[in-house]
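**Student:** Model the following, please.
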Amino acid sequence: MKISPKYKINYEPEADVMSWEVSARPIDYAEEAGNFVVHYSKDHTPVLVEILEARKFFNHSEKFFKVHPKSAVLV
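**Tutor:** Below you'll find the predicted structure:
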C-alpha cells in the first residue's frame, strides 16, 4: 500500500489520537462515529480522519489480524 508523501499521518501520544490527512482541501465540518472523527470539505470529501483512543484501537486490530491473517495482507 502506497501513501502519498504529501499526506501526513500523525500521532499525538498525550491525547492518544492518530490523525491521517487524506486531502489538502480546507475543512468545513466534522462527523463523529464511535472513536472516529472524519473532517470533510464543503463538497463532502474526507479531508482528515482521526482515531481517538488510538492505542486501544490498534491493540484490538492486532488481535483481529492474528486471528484473520489473510485479511491483513496489503498489496
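
**Student:** tell me the secondary structure for Lys6?
**Tutor:** coil (DSSP: H, G, I helix; E, B strand; the rest coil).

**Student:** now the helices: where do they sit in this protein?
**Tutor:** In the chain, the helices defined using DSSP state H lie at 54-67.

**Student:** low-confidence ranges in it?
**Tutor:** 1-5, 61-75 (pLDDT under 70).

**Student:** Just confirm Phe57 contacts Glu50, I think it does.
**Tutor:** No. With contact defined as CB atoms under 8 Å, Phe57 and Glu50 do not form a contacting pair (10.9 Å). For the C-beta atoms, the positions are set from N, CA and C on the backbone; glycine is no exception.

**Student:** what does the longest strand seen in the chain rub up against?
**Tutor:** In the chain, taking DSSP state E as the definition, the longest strand is strand 46-52. Defining contact as CB atoms under 8 Å, 6 or more residues apart in numbering, one finds that strand 46-52 is touched by 16-27, 35-41, 57.

**Student:** rewinding a little: which neighbours do Phe57 and Glu50 share?
**Tutor:** Contacts common to Phe57 and Glu50, judged by CB under 8 Å, 6+ apart, are Met18.

**Student:** The two - which one has more neighbours?
**Tutor:** Glu50 (19 against 16; other CB atoms under 10 Å).
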